[in-house]
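J.: got a sequence here, can you model it:
(chains A and B)
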Protein chains: 2
Amino acid sequence: MKQDHAAHAAVRKILDQAKASGRDSLTAPEARGVCEAYGIVIPKEGVAKTAEEGAALAASIGFPVVMKIVSPQILHKTEAGGVIVGVKSADAAREAFSTITANARKYDPKADIHGVQVQQMLTGGQEVIIGAVTDPAFGKLVAFGLGGVLVEVLKDITFRLAPATNEEALSMLDGIAAAEILRGVRGAKPVDRAALSGMIERVSALVADFPEISEMDLNPVFATDKGATAADVRIVLDFKPAPARPRPQHDQVVAAMNRIMKPKAVAVIGASAENGKIGNSVMKNLINGGYQGAIYPIHPSAEEIMGKKAYKSVKDVPADIDVAVFAIPAKFVAQALKEVGEKKIAGAILIPSGFAETGNVAGQQELVEIGQKYGVRLMGPNIYGFYYTPSNLCATFCTAYDVKGKAALSSQSGGIGMAIIGFSRSAKMGVSAIVGLGNKSDIDEDDLLAFFEQDDNTQIIAQHLEDLKDGRAFAEVAKRVSKKKPVVVLKAGRTSMGARAASSHTGALAGNDKIYEDVFKQSGVIRARTLRDLLEFARGIPVLPTPKGNNVVIITGAGGSGVLLSDACVDNGLSLMSMPPDLDAAFRKFIPPFGAAGNPVDITGGEPPSTYQNTVRLGLSDPRIHALILGYWHTIITPPMVFAKLMVEVVEEMKAKGIEKPVVASLAGDVEVEQAAEYLYQHGIPAYAYSTEIPVAVLGAKYKWARGAGLIPPN
Amino acid sequence: MKQDHAAHAAVRKILDQAKASGRDSLTAPEARGVCEAYGIVIPKEGVAKTAEEGAALAASIGFPVVMKIVSPQILHKTEAGGVIVGVKSADAAREAFSTITANARKYDPKADIHGVQVQQMLTGGQEVIIGAVTDPAFGKLVAFGLGGVLVEVLKDITFRLAPATNEEALSMLDGIAAAEILRGVRGAKPVDRAALSGMIERVSALVADFPEISEMDLNPVFATDKGATAADVRIVLDFKPAPARPRPQHDQVVAAMNRIMKPKAVAVIGASAENGKIGNSVMKNLINGGYQGAIYPIHPSAEEIMGKKAYKSVKDVPADIDVAVFAIPAKFVAQALKEVGEKKIAGAILIPSGFAETGNVAGQQELVEIGQKYGVRLMGPNIYGFYYTPSNLCATFCTAYDVKGKAALSSQSGGIGMAIIGFSRSAKMGVSAIVGLGNKSDIDEDDLLAFFEQDDNTQIIAQHLEDLKDGRAFAEVAKRVSKKKPVVVLKAGRTSMGARAASSHTGALAGNDKIYEDVFKQSGVIRARTLRDLLEFARGIPVLPTPKGNNVVIITGAGGSGVLLSDACVDNGLSLMSMPPDLDAAFRKFIPPFGAAGNPVDITGGEPPSTYQNTVRLGLSDPRIHALILGYWHTIITPPMVFAKLMVEVVEEMKAKGIEKPVVASLAGDVEVEQAAEYLYQHGIPAYAYSTEIPVAVLGAKYKWARGAGLIPPN
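T.: You can find the predicted model right below:
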């Protein structure tokens, strides 16, 4: 919503005035002026000098009105008898004018009486709150909630990045738990959604246009079926906002990241031949990991390390270098980084700790400045390094990792990085990259998103993070990237206790979790609630084809699994298809008469393999069904591997006919089902033994992505 | 809260009157009478014949009052000018009396005017709702919520079994999401908790005393800082309540269940030598499972089956039999069951399907009647059978199971039963029993609870269920048993979609999930949200010693794990101890200067085994700490198995000194951590690779139990 020049100029003038007088908030008339300029509806009002003027003004505003004495000397208006509410007619207004002025004169005979303020009296409607805040990570955010106890006690409030589009503003009306109230309950009329969303949009435009508006509150706003009026306005200013985090251009980011992830040559600063040293582990991992580019060990004295010629400085290397991996103590890093800069190396992988995480903020700032001066991108410090499997690149002191695939993962914390490696190997999750971001002095999640966006080796991006150094940049990039590739985020420190721990360990200011929640949603990011979810989503989402619609059908041999799978569908926002009668009849043909059709399709436990085969084939064939959830029950008649092989067969048979739908499976049975689950997973059907919830959560995550990317309509 | 004889008689009289006149609800005066008898405060009121009387009455009630014409002919009182609200003084009351009677005479000169009703006018305070419902599973329940949109839109309501104690009634005030409102927000005074909980208690006593009151609503109740008054009362009656499910005496239950679980002799009706037959699988499992009692195959013609002499009927067996396992088609079950009854066998294990679950309700009812007639307890029908490992008893057609331990599990569904078996075997979870309950025609969850309560081989009871046939019996038994042994329940069909599936598959009426939630809490039952949680809780809870207090400390090598573990603590209702300065200093001695003390204790990733050892030893030694959560980070310096063995060593060392505290661990690292996790688990430390949430959830479940059982104070 672009405001015209005049509106902009009017607000600018008011803000300049406040700045000139050294204030950090606006007076009520100034705030009114700002609202009027941006079309934010406020109660009509005016000042009458005479009883006649008062009556005319009240009539033009519309009854009822509130009338109040205007006198610089009278501060306690009510005490002075200077306020009359609920004035309902012109005559009453005339009388109120006289009463108020008479009372005022009696109260303070010396007072200057400027007149009587006549103000529209707001009645009825739903009280809501519209506001704006400046978040350290995300910048300007617009907020919306219901007035009174709902916001204060139940914290039922929703946020969007400002400026918000009208569509985003509208989505906020549905973004609160008590959304139903706005649609009218107990005989109340629904609120005027256009007026309300328009006001949200205007507030968001205002704070985006004027960064010095640090906080704004319209509280309460009276929303009726015919409009919305902000009864009270509070605007707080900050003329010295924190400087923005420097951010290279997109093309520069991508160019640098490509050199870092696909380097022709890597230097190891602090390479060592001695077992147990970090510089030794890095060398081993580079060599044993199968990296085919040049490797240059950098060492103050050695001639050669692990069969590679060593140099005293990167500057001595007689060829271009793309990446320098640092394996030296913190105190030597700055000097070596300068040399890396002079050598025009694209990326410095700063494994060493001993910077901001230990309180050495200045030391880290020095590195940042060197990096900026020379145009070197910094990964870390305080990281395990990174893996990029398409380059066979293990630039890390951890174990080498080689299960290639399409999932790119990153973690802010080293421990979580090791968990990613262990899980990936154990679950045979193919990975394109695992990246440690640590203190994120420079390279952060949005740099990785920009690289993986254009990286054909990556199909899904999964990130563990504790904070976002530049939440707005992340949101902007994520919004674009998530349209193409799923982005999954585990935001640690999401509870207040967790946030405290995050803060004690990284010095990161963990923001209000609801802000992260809403911004992730606004950006199409899938939020993982737990570490295991992050890992399972990264593993499962790329395996599943994208659904073409919302109709999910459960086919189960165990009625009990069907119930739990249905529970999980609700938990994960999936919609169980209402079975059309013809389809119901078609399923019934394949199942015993006492099996339950409908959805779940309960084929019952005693059935031979053909029953699974027939019903699943039907589920895949019918175009009204968009995804299948299978519940297998281990029996002698249909043993686990028989089931698994058959399901893969049916899915492949349909794939050959051009039909691809997401299928997940839950396996209940004795330990043989573990092998069956693994076989299914390896053949494109995410399957889990002894769990009804995980397969459905994985399907749910795929759906969240498809909906966020606009590939299927909202549920 | 026992009401006196007069109160009881007064209500009885009103109800009898309503019954006599064939009504299914009470009139307003009748409802007032019931409230007055039970001390439920309602607005004061009376009828005045004269203006003087009106003034006196109003004064005695207290101002303001509402005054209304009382005349059988005037139905539309307001239209007749027969209502005046907000009468504030005796004079005004006098005047109002005159005005009202004059208006009424003018409106209808022929009307009989009985007088003017003077009623206390309720103003201010918080509107709340108190009610009572009759649930098909739980019977009488009392309900409490906030008035208006909070209950209607946000469904913020809480239930307790009626009658509720005053303590339970008080807990309801904290049992709603918006509980803070009752404590006074935005300058409002807190409500009178004694008055409100007293009213809840009285309502619960009333519906418990008079089963024919099927529904009751006090809506709204005005709760102020000085009392609570029910402005409107609605009472619905049902003089033909559903018959209660028959329920044997506790001693009978225990005696029969002991014969069933620890039988001296088992008959297999439908025993078979033919591979693939259910009656063959049962025979094999009994024999191969190592059961040492007598086994009697029952078969119409065979002389001998699997080396055991066969009989035509149980009646032919020349010895006592405790259990008969049925492996014959549905149509033959009734006749065989009669013979089982005549033989005085304690339990019939009804594996066959083809009863209520397929619509054959009459067939099932016939079995129930035979069982009742002969005093045979029925397990099933439509089940896999059961396992009781202390008797080496596998009375099932599934695979034999032999990992002995202390967890007793049951499932309503066969598929879930198989998942229990698979998980138990895979996770080496020691089990005392696995029981299939299927259609629960007779034996249900509370029978199992009663048996396991007194079974020294069982330390924890974990039950999967879709409904409760007699929720009240379950709650009563669970409340008692959970004080001694943890009871974990996975209630399937908890979401509306899941409930629909449950209903289509078992014909069970799945109640409002919030009722289950609240009754479980009231009964000390730990609720598992997912199948995996049920299994992990069953596995982990018996391993952990009971904590002696609420102070949890996280000790972690990975700061990132610390944050996620803290998140999980909040999710699971655990309280991270605020670290006292001396203890903080004591931890700091062992960790590097840049490690973060406080809680989590972040020992940092590069530390040798001794740092884990010292800090964990300190955590176990200090009596202010009650439980430890360990976050391990795989490094070369402290490899996984070194960590695991050391932790077990420290825990055993402290145990030898008489110090036992629950310790759980989250392991982040490469695949070697899986072996370490298993080692830890086998030595009393529930440990999980690649997960920060599961170990904390297991500890959280142990805490829930300890709090519910009153072993430690609420958090």
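J.: quick one: residues contacting the closest residue to chain B within the stretch 201-350 of chain A.
T.: Nearest residue of the stretch 201-350 of chain A to chain B: residue A:276, at 6.4 Å (C-beta to the nearest C-beta). From N, CA and C alone the C-beta is placed, and that goes for glycine too. Taking C-beta atoms under 8 Å, 6 or more residues apart in numbering or on different chains, we find residue A:276 in contact with residue B:636.
J.: which residue ranges of the stretch 251-400 of chain A form strands?
T.: Counting by DSSP state E, counting those that start in this stretch, the segments of the stretch 251-400 of chain A that form strands are A:265-269, A:294-298, A:304-305, A:308-309, A:323-326, A:347-350, A:377-379, A:385-388, A:393-396.
J.: again, but for the stretch 101-250 of chain A
T.: Using DSSP E, counting those that start in this stretch, strands in the stretch 101-250 of chain A cover A:115-120, A:126-135, A:139-146, A:157-161, A:213-224, A:227-230, A:233-237.
J.: what's the closest of those strands to residue B:78?
T.: strand A:213-224 (25.7 Å; C-beta to C-beta).
J.: in that closest one, which of the residues would be classed as buried?
T.: A:213, A:214, A:216, A:217, A:218, A:219, A:220, A:221, A:222, A:223, A:224 (16 or more other C-beta atoms under 10 Å in any protein chain shown).
J.: and residue A:508, what pLDDT?
T.: Note for residue A:508: predicted pLDDT of 32.
J.: any weak-confidence spans in the stretch 1-150 of chain A?
T.: A:1-2, A:148-150 (pLDDT under 70).
J.: go with 80
T.: Where the stretch 1-150 of chain A drops to pLDDT under 80, the residues are A:1-3, A:123-124, A:147-150.
J.: now the stretch 501-650 of chain A
T.: Those would be A:501-512, A:594-597, A:606, if you go by pLDDT under 80 across the stretch 501-650 of chain A.
J.: can you lay out the strands of the stretch 101-250 of chain A as TSV showing distance to residue B:71?
T.: Shown next, in TSV, are the strands of the stretch 101-250 of chain A (distance: least, C-beta to C-beta, whole Å):
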stretch	distance to residue B:71
strand A:115-120	43
strand A:126-135	39
strand A:139-146	43
strand A:157-161	52
strand A:213-224	39
strand A:227-230	44
strand A:233-237	53
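J.: residue B:420 is nearest to which of those strands?
T.: strand A:157-161 (41.5 Å).
J.: packing partners for the closest one?
T.: If you count contacts as 3 or more C-beta pairs under 8 Å, 6 or more residues apart in numbering or on different chains; DSSP states H and E, strand A:157-161 packs onto strand A:139-146, helix A:166-173, helix A:513-522.
J.: quick one: strands adjacent to it?
T.: Looking at strand A:157-161 with DSSP bridges, its partner strands are strand A:139-146 (antiparallel).
J.: what does the stretch 151-300 of chain A put close to chain B?
T.: Residues of the stretch 151-300 of chain A found near chain B (C-beta under 8 Å from any C-beta of the partner chain) are A:152, A:153, A:154, A:177, A:178, A:180, A:181, A:185, A:186, A:276, A:281.
J.: rebuild the residues you listed as CSV, extending it with pLDDT.
T.: Below are those laid out as CSV (pLDDT from 0 to 100):
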residue, pLDDT
A:152, 70
A:153, 76
A:154, 76
A:177, 86
A:178, 86
A:180, 89
A:181, 89
A:185, 80
A:186, 72
A:276, 84
A:281, 94
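J.: what subset of these is buried?
T.: Using 16+ other C-beta under 10 Å as the threshold, A:152, A:153, A:154, A:177, A:178, A:181, A:281 are the buried ones among these.
J.: in the stretch 251-400 of chain A, which spans are helices?
T.: A:278-288, A:330-342, A:361-374 (DSSP state H, counting those that start in this stretch).
J.: the stretch 501-650 of chain A too?
T.: A:513-522, A:531-540, A:559-571, A:581-588, A:609-621, A:640-656.
J.: hmm, the shortest one touching chain B?
T.: No: with C-beta under 8 Å from any C-beta as the threshold, helix A:581-588 lies outside contact range of chain B, at a closest distance of 11.7 Å.
J.: next one: the fifth one
T.: No: residues of helix A:609-621 are not located near chain B by C-beta under 8 Å from any C-beta, the shortest gap being 13.5 Å.
J.: and chain A, what are its domain boundaries?
T.: With domains defined by automatic domain parsing, chain A comprises A:1-35+A:124-242, A:44-120, A:250-540, A:551-708.
J.: out of those domains, flag the one nearest residue B:207.
T.: Nearest of the domains of chain A (C-beta to C-beta): domain A:1-35+A:124-242, 26.4 Å.
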